[in-house]
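Engineer: just a sequence and a predicted model for now, questions to come.
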Amino acid sequence: MNKTFAIVKKELHSYFSSPIAYIILIATLSLFNVFFFFIIDQNHEASLRDIFILMEFMFVFLIPLLTMRMFSEEKANGTMEFLLTSPLTLTMIVLGKYFSMLIFFTLLISMTATYYFILDYFGDPDPISILSGYVGIWLEGAFFIAIGLLVSSWTRNQIIAALVSYALIFSLYFAASFTKYFTGSVESFFMQSSTRTHLENFAVGIITPSNITYYLTGIILCLVLTRLSIDNRLWQ
Amino acid sequence: MLIAKHISKKFGVYQALENVSFEINKGDIVGFLGKNGAGKTTLMRILTTFLTASAGTVIIDGEDIGKHSLSVREKIGYLPEKPPLYSDMTVKSYLKFAAQIKGVSAKKESFQVAKVLDDCDLNRVEKQKIATLSKGYQQRVGIAQAIIHEPKLLILDEPTSGLDPIQILQVLALIKNQRDQRTVLLSTHTLNEIEQVAQRVLMMKSGKIVLDAPLNELLEKKQLAQSYPITLEQIFIEYHQETPPRPFVSASSVKG
């Protein structure tokens, strides 16, 4: 556990020692703020439902940018050899990387918690549905990060890692749009595999075991596949 | 200390290593020679568990690296050909990180970091970012991370490549200082470096070990057989050319 924590600390230090982390935080929060005021002004509702839907759409673009370097950079710099010849298990390496990005992401969305207090000051928001929305958006971000981490374990090229992550995350995000072309079990498959279907429930305050299972299964599957990809040195 | 038995490695159809066997005794400094593409780096990567062999076994300090990979890695210090450094970290924070992931206890961490900073003469640059260091200093940081957990076996892949003569002497002195504390396997293309620090020579050619002998014995035997002074460089050339090497005759003896 100490070794995993050492990797988390090193990764967080790496994000915050360059201006990129600050630029991403400031740019993303500025966009969220602008849209928050637009949406509230248009809807006149003390709700963050549409903000969560917007956040999901923006994370489709943002998260591949954050995750593209996670393993690709280690491989390009030769430090992957350092990690893999140190007395670390693959699980420690994968979890260390994953948790560090999850902490960064949690910090990013926790900064939007001020929206609740603004709504509470001017209106009467439902705290349960807002909390449920945050759980949903956090799980969705955690899933996207796991996908980005997996893809970055396949290649030493950061651009390729970002593009393939986009392709996978976009497919999951837009899967629900294909339901009109199919019927029966295929339609249901596309509907259930889409992240939008599951987040919509959270955004309106509905937390069901199937929605949580969807995200947790996706996260665990990606982390297991990342471990396998590194174990088999797939990028070589 | 290290026993490699019948190691083979294939990358697709390319046979990188073929039936490689050798032993290294505790406390030896072994020079590892071979042309580019001979299989040295592949073999070192197998010894450090970065790659797995297609066939064969490696025993390090009594443990099979395939079965006890994690505990074997605690006993190995490894400097790859390109020093594995995080350029955005300072020297000290990088060495702290190396100590933590290599299992140095929290109690001993500060002591070990201070010790390797001292041993590798890095005190002057400990607060500097690695990206701003000269190549020589970066190489020393690479060696420092390899010895921070006091490994029993030190594997160095071309630790002097790209360094200036002064830096080479400093790195060689550092390697010599390891003699009493650990076993060292040193790969280099500069043969006089091997003559300066190694007691034994392993030479690879086309994925096979073609020479495994104590350095002194090797030079003496060759000298007696050929009745003129011989260097490791000449032995290396002899093993890597099709026709036998021409006898070494100095310019002065030709004139005389």
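Structural biologist: Yes, it's here. Numbers count the residues shown, from 1 in each chain, chains lettered A, B, ... in the order given.

Engineer: going by C-alpha atoms from here, please, whenever you check contacts or count neighbours.
Structural biologist: OK.

Engineer: show me which residues of chain A are close to chain B?
Structural biologist: Counting by C-alpha under 8 Å from any C-alpha of the partner chain, chain A comes close to chain B at A:2-3, A:6-7, A:10, A:14, A:17, A:77-82, A:84-89.

Engineer: stretch B:188-203 spans what distance, first to last residue?
Structural biologist: For stretch B:188-203, the first-to-last residue distance is 11 Å (C-alpha to C-alpha, to the nearest Å).

Engineer: then stretch A:42-53?
Structural biologist: 15 Å.

Engineer: kindly report the same for stretch B:64-73.
Structural biologist: Span of stretch B:64-73 from end to end, C-alpha to C-alpha: 11 Å.

Engineer: smallest gap between chain A and chain B, at which residue?
Structural biologist: residue A:79 (4.5 Å; C-alpha to the nearest C-alpha).

Engineer: what about the residue nearest to that residue when sequence neighbours are not counted, neighbour count?
Structural biologist: The shortest distance from residue A:79 to any non-neighbouring residue, by C-alpha to C-alpha, 6 or more residues apart in numbering or on different chains, is to residue B:84 (4.5 Å). Applying other C-alpha atoms under 10 Å in any protein chain shown, we find 23 residues neighbouring residue B:84.

Engineer: was I right about residue B:84 contacting residue A:86?
Structural biologist: No: using C-alpha atoms under 8 Å, residue B:84 is not in contact with residue A:86; the gap is 11.6 Å.

Engineer: show me where pLDDT drops low in the chain?
Structural biologist: As the question left the chain open, I've gone with chain A. Low-confidence segments of chain A, defined by pLDDT under 70: A:234-236.

Engineer: looking at chain B here, not the other one
Structural biologist: B:221-230, B:232, B:241-256.

Engineer: would you map the strands across it?
Structural biologist: B:2-11, B:14-24, B:29-34, B:55-60, B:63-64, B:76-79, B:153-157, B:183-187, B:200-205, B:208-214 (DSSP state E).

Engineer: next up, phi/psi of whichever residue of chain B sits closest to chain A, please.
Structural biologist: The nearest approach of chain B to chain A comes at residue B:84, 4.5 Å away (C-alpha to the nearest C-alpha). Main-chain torsions, residue B:84, degrees, to the nearest 10: phi -80, psi 80.

Engineer: could you do the one 3 residues further on as well?
Structural biologist: Geometry field for residue B:87 lists phi and psi as phi -70, psi -20, criterion degrees, to the nearest 10.

Engineer: quick one: residues contacting it.
Structural biologist: B:129, B:130, B:131 (C-alpha atoms under 8 Å, 6 or more residues apart in numbering or on different chains).

Engineer: just the buried members of the residues you listed?
Structural biologist: Neighbour-count burial (16 or more other C-alpha atoms under 10 Å in any protein chain shown) applied to these gives B:129, B:130.

Engineer: next one: residue B:41 from residue A:35, what distance?
Structural biologist: Per C-alpha to C-alpha, residue B:41 is found 54 Å from residue A:35.
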